[in-house]
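Colleague: sequence unknown, structure follows:
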């Protein structure tokens, strides 16, 4: 019950600061989490067995016996910054935006994400730490645009 209350308070706070126009280091939308602990985030990622379905570009994760290889790759080169808000949304509402580039039956069933929803089991601190752990693995690159030049 305590975790549910903390999550509710966190989500209300998230909505309250979403409209703020304050400058932050990690998000262009004014959203800023307290500093987390990346090592604790890695431990939470492993404890919750997120690596059963996810790999992280550049991170060596232990194998889980009896499971198929991970499906969804996290991190790597992206053309836009993965903000706190985007990472949090992906964790607490995985059906909001399904991963692109994967077979639909791998990532969803009836349009809903196959990812387990941890909202009843994850503390706010674990959420913050997991985001702190994941965010540095995203490498923002300028997209390679091909412009047609007309005579």
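Modeller: Great, that's in hand. What you see is a predicted model; the values in this text were computed from it and never measured.
Colleague: ranges for the strands of this protein?
Modeller: With DSSP state E as the criterion, the chain has strands at 54-56, 72-74, 76-78, 108-109, 112-113, 138-140.
Colleague: packing partners for the fourth one?
Modeller: Contact here means 3 or more Cβ pairs under 8 Å, 6 or more residues apart in numbering; DSSP states H and E; on that basis strand 108-109 packs against no helix or strand. To be clear about C-beta, it is placed using only N, CA and C from the backbone, and glycine gets the same treatment.
Colleague: Equivalent analysis for the second one, please.
Modeller: If you count contacts as 3+ Cβ pairs under 8 Å, 6+ apart, strand 72-74 packs onto strand 54-56.
Colleague: Residue 73 contacts residue 58, doesn't it?
Modeller: No. Judged on Cβ atoms under 8 Å, residue 73 makes no contact with residue 58 at a distance of 10.7 Å.
Colleague: Between those two, which has more neighbouring residues?
Modeller: Between residue 73 and residue 58, counted using other Cβ atoms under 10 Å, the more crowded position is residue 73 (13 against 10).
Colleague: Tell me the confidence at the closest residue to that one other than its chain neighbours?
Modeller: Across the structure, with Cβ to Cβ, 6 or more residues apart in numbering as the measure, the residue nearest residue 73 apart from its sequence neighbours is residue 55 (5.1 Å). On pLDDT, residue 55 comes in at 90.
Colleague: Ignoring the adjacent residues along the chain, who's closest to the residue positioned nearest the centre of the chain?
Modeller: With the centre of the chain defined as its mean C-alpha position, the nearest residue by Cα atoms, centre = their mean is residue 87, 3.0 Å away. If you skip the residues right next to it in sequence, residue 87 has residue 131 as its closest partner in space, 4.7 Å away by Cβ to Cβ, 6+ apart.
Colleague: Tell me where this structure has helices.
Modeller: Assigned helices in the chain, in chain order: 2-18, 38-47, 84-92, 104-107, 124-134 (criterion: DSSP state H).
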